[in-house]
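**Student:** Dropping a prediction and its sequence here:
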Amino acid sequence: MTPNAAHAGIAASPWVQRWSALVPAGASVLDVACGSGRHLRWFAQRGCRVTGVDRDTAAIESLQGVGELLVADIENGPWPWPGRQFDAVVVTNYLWRALLPTLMASVAPGGVLIYETFALGNESVGKPSNPAFLLRPGELLQAAQGLRVLGYEDGFLAAPERFVQRLCAVREAPTSGVAARYPL
């Protein structure tokens, strides 16, 4: 089974669902390494303008009509949107450390980053097991310096068994002295 077939028809991650209330209808959402598009579809159904990038041509083709789509190898080629920012950047089950600063910079003022991927320890229960694709303790927190962290988890999930780090953070926009309210 291909990785995309494994994710076809799967609901949006509970972590993504939990924090999607921070992303209003009409917002621009970038899904990095979007695969079969479960999060693209989730946000499109919520009235967002979605953009997805993946290197798998077949996965992107299956998403025609959902939003702006791009087939690109973001690990070995240039970032397709230099200087462009999005109201939300969503990353799940993907880690390319060299891209972390670019992803953080892609969050617009007032925008949100929703990130969830595998962490060290996962090698004891399955794939991925290569440390190059497993976050070190606190690594997402360190990468998100400069953003306001609203939620962070680092631990073990039982079903299916996996070790993950999850983060939701916002790039606070200048305010008029009234504290922003971020629903938890």
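**Tutor:** Received the coordinates, thanks.
**Student:** how about the lengthiest helix in the chain: buried residues?
**Tutor:** Determined from DSSP state H, the single longest helix within the chain is helix 38-45. By 16 or more other Cβ atoms under 10 Å, the buried positions in helix 38-45 come out as Arg38, His39, Leu40, Arg41, Trp42, Phe43, Ala44. Just so you know, the C-beta spots here come from the backbone N, C-alpha and C atoms, and that holds for glycine as well.
**Student:** which helices and strands sit right next to that helix?
**Tutor:** helix 14-19, strand 28-32, strand 49-54, strand 86-92 (3 or more Cβ pairs under 8 Å, 6 or more residues apart in numbering; DSSP states H and E).
**Student:** Quick check: phi and psi at Ser150.
**Tutor:** Ser isn't right for residue 150; it's Leu. When read as degrees, to the nearest 10, the backbone of Leu150 gives phi -100, psi -30.
**Student:** Renumber starting at 25 from here on
**Tutor:** Sure thing, new numbering starts at 25, so read that last one as Leu174.
**Student:** Take the helices and strands packed on helix 62-69 and lay them out in a markdown table including mean pLDDT, distance to Pro152 and mean neighbour count.
**Tutor:** Shown next, in a markdown table, are the helices and strands packed on helix 62-69 (pLDDT from 0 to 100; distance: least, Cβ to Cβ, whole Å; neighbours: other Cβ atoms under 10 Å):
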| stretch | mean pLDDT | distance to Pro152 | mean neighbour count |
| --- | --- | --- | --- |
| helix 38-43 | 97 | 18 | 18 |
| strand 52-56 | 98 | 16 | 25 |
| strand 73-78 | 98 | 17 | 23 |
| strand 110-116 | 98 | 13 | 25 |
